[in-house]
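In: Here's a sequence, model it:
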Amino acid sequence: MVKILSRRLSGFTLVELLVVIAIIGVMVGLLLPAVQAAREAARRMSCGNNFKQIGLAIHNYHAAFNKLPRHGSGTWNDSAPNAWQRTNTHNAGALSALVGLLPAIEQQALWEQISNPNNVGGIWPAMGPHPTLGGNPNRNLYRPWMTEIAGFRCPSDPGTGPPAAGRTNYGVCLGDSFDGTIFTLPIQWQPPSATVPSSFTITTGGSSSQRTYARGFFWHRVSGQFRDILDGLSNTIAMGEMSTDLGDMDSRTKVNRVLEINMAIAGGVNSCRAAGHVDPQRPTFWCNGTNCPQPTGPGGTLPASSTQDDRGMMWMFAHTGNTGVMTNLSPNKELCVDRWYEGGGAFTVSSRHQGGAHVLMGDGAVTFITDSIEAGNSNAPRVIAGQQSPYGLWGALGTRGNKEIVSLP
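Out: Residues are numbered from 1 along each chain as shown. You can find the predicted model right below:
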């Protein structure tokens, strides 16, 4: 008798297979946030490293020229009618401090294109080649202005492409005063019949009112020095991080306006919020006419999308929305400006990181400031030279010479 041996084939049952799939799904669900967090941590580190390189560039620039790069430099013609207007032949001193830093961040080739007349990217209509320092920065006809510079970008920020020119995530600190931050003087505002005195040159530091309100590490159209930072380089913010605008009505990146009198007297840097311009269903966005009425009326109209107004859209332009930060509202709060824009406003730091934003201190250190930093009284009236900042520790960090005692954690 022959005995037949049989072997039972082993395998997964359907139930076991489903259990395994479920376990794998749970593991992926647990690991994916960790992977995303690790990627953001790497982007945040790279963002801080870019800032450190800019800080080193500022110190190298100062060592070479014994002054800071001027925020509001370029070409101008005080004898021309309405010389403050940017034209094809001069830029009315509208270039940001980032332009002067180009050779110090290994962008010598780009600097040479800008600092010499050239035909790169075409010519101005009927005007011949581009002039030295590029003419009007608020144009898209000049290739250097459209260049995206990796050292000026934070990898966490997704903003890219039109309507921006070359974007930046780093802006110079202009202090804590919301008034008179980008006065056009000494470049004349009126026709020659009302021109400023001949002694009122670009090197004098601007008008008396501008000097009164210019309290930051940088100030418009003035070449400062480290010796001007009386509070100490390690106690004063030189630059701050900012998100660039994505066209989504984000209140941190889209400029909103109110009447100057409202900002100066009635509501301070909270004027836009107090005026009801914030979407009640999305408190970090402006009203867009869907959930609440879009702001209208004199000085209260939300401007159309513009590279001149929106945050970080042009690294070469000295307008505060593009390349400036202020310490009068805590990080990641809204942008709110005077209707004429030159009058200043609230341009705090912002970022796509969670819970805060980077700042570059005057000594080159990079610090992450949380949204919860002590920021004093945001309803305070305008502040002037010699006055202690009403904006708490945050305001004190943004001023260069008010003798406040600060202590960072």
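
In: Name the SS class of the nearest residue to Glu404 once chain neighbours are set aside, please.
Out: Nearest residue to Glu404 in three dimensions, chain neighbours excluded: Ala396, at 3.7 Å (Cβ to Cβ, 6 or more residues apart in numbering). The way it works is simple: take the backbone N, C-alpha and C, and place the C-beta from them, glycine included. Under DSSP: H, G, I helix; E, B strand; the rest coil, Ala396 falls in the helix class.

In: wait, doesn't Ala396 sit right on Asn402?
Out: Yes: using Cβ atoms under 8 Å, Ala396 makes contact with Asn402 at a distance of 7.1 Å.

In: Which one's more surrounded, these two?
Out: Legend: neighbour count by other Cβ atoms under 10 Å for Ala396 and Asn402, higher for Ala396 (24 against 19).

In: who are the neighbours in contact with Glu374?
Out: Gly392, Leu393, Trp394 (Cβ atoms under 8 Å, 6 or more residues apart in numbering).

In: sorry, back to before: how far away is the residue nearest to Glu404 from Pro390?
Out: According to Cβ to Cβ, to the nearest Å, Ala396 stands 10 Å off from Pro390.

In: residue ranges for the strands of the stretch 151-300 of the chain, please.
Out: 170-173, 237-241, 256-258 (DSSP state E, counting those that start in this stretch).

In: ok, back up a step: what's the overlap in contacts for Ala396 and Asn402?
Out: Asp231, Gln388, Ser389.

In: Can you get me a residue count around the second one?
Out: Number of residues near Gln388 (other Cβ under 10 Å) recorded here: 13.

In: which SS state does the closest residue in space to it that isn't next to it in sequence fall under?
Out: Spatial nearest neighbour of Gln388, excluding adjacent residues (Cβ to Cβ, 6+ apart): Asn402 at 5.7 Å. Classification of Asn402 by three-state DSSP places it in coil.

In: Asn402 against Gly386, yeah?
Out: Yes: here Asn402 reaches Gly386: they are 7.1 Å apart, a contact under Cβ under 8 Å.

In: quick one: contacts for the residue nearest to Gln388?
Out: So Asn402 contacts Arg215, Asp231, Gly386, Gln387, Gln388, Ser389, Ala396 (Cβ under 8 Å, 6+ apart).

In: For it, give its distance to Gly362.
Out: For Asn402, the distance to Gly362 - Cβ to Cβ - is 15 Å.

In: what pLDDT does the residue nearest to Glu404 get?
Out: We have a pLDDT of 91 for Ala396.

In: Same question for Val20.
Out: In this model, Val20 carries a pLDDT of 82.

In: And for Leu5?
Out: 53.

In: and Ile21, how many residues sit next to it?
Out: 10.

In: Phi, psi for it please.
Out: Backbone torsions for Ile21, taken as degrees, to the nearest 10, come to phi -60, psi -40.

In: Quickly note the distance from it to Leu335.
Out: 48 Å.

In: Which stretches in this protein count as helices?
Out: Using DSSP state H, the helices of the chain run over 14-65, 97-100, 108-115, 208-213, 260-261, 271-274, 320-323, 392-397.

In: Deepest in the core, which of the ones you listed is it.
Out: Ranked by mean neighbour count, the helices of the chain are led by helix 320-323 with a mean of 28 (mean count of other Cβ atoms under 10 Å).

In: What is it packed up against?
Out: Secondary-structure packing of helix 320-323 (3 or more Cβ pairs under 8 Å, 6 or more residues apart in numbering; DSSP states H and E): strand 170-173.

In: give the contact list for the nearest residue to Asn169 once chain neighbours are set aside.
Out: Here the nearest residue to Asn169 in space, its sequence neighbours aside, is Cys154; by Cβ to Cβ, 6+ apart that works out to 3.9 Å. Going by Cβ under 8 Å, 6+ apart, Cys154 touches Arg43, Ser46, Cys47, Asn50, Asn169, Tyr170, Glu241, Ser351, Arg352, His358.

In: Please give me every residue in contact with the nearest residue to Trp286 once chain neighbours are set aside.
Out: Spatial nearest neighbour of Trp286, excluding adjacent residues (Cβ to Cβ, 6+ apart): Met249 at 4.8 Å. For Met249, the contacting residues are Asp279, Phe285, Trp286, Asn288, by Cβ under 8 Å, 6+ apart.

In: So which of those is the closest to Phe368?
Out: Phe285 (24.4 Å; Cβ to Cβ).

In: What residues are bridge-paired with the closest one?
Out: Following DSSP bridges, Phe285 is listed with bridge partners Asp250.

In: Hmm, Thr253 and it touching each other?
Out: No: using Cβ under 8 Å, Phe285 is not in contact with Thr253, being 10.2 Å away.

In: and these two? which has more neighbours close in?
Out: Thr253 (23 against 17).

In: Find the residue closest to Ser372 in space, skipping its chain neighbours.
Out: Ser330 (7.5 Å).

In: Now do the contacts for that neighbour.
Out: Counted by Cβ under 8 Å, 6+ apart, Ser330 has contacts Thr348, Asp371, Ser372, Ile373, Ala375, Ser378, Trp394.

In: what's the lowest-pLDDT member of these?
Out: Ranked by pLDDT, the contacts of Ser330 bottom out at Ser378, which has 83.

In: separation between His319 and Ile229?
Out: To Ile229, His319 is 24 Å away according to Cβ to Cβ.

In: Could you do Val28 as well?
Out: Distance from Val28 to Ile229, by Cβ to Cβ: 51 Å.

In: on that earlier part again, let me have the shared contacts of Ala396 and Asn402 in JSON lines, adding pLDDT and distance to Gln107 as columns.
Out: Formatted as JSON lines, these follow (pLDDT from 0 to 100; distance: Cβ to Cβ, whole Å):
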{"residue": "Asp231", "pLDDT": "89", "distance to Gln107": "31"}
{"residue": "Gln388", "pLDDT": "85", "distance to Gln107": "39"}
{"residue": "Ser389", "pLDDT": "88", "distance to Gln107": "35"}
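
In: Sounds good, over and out.
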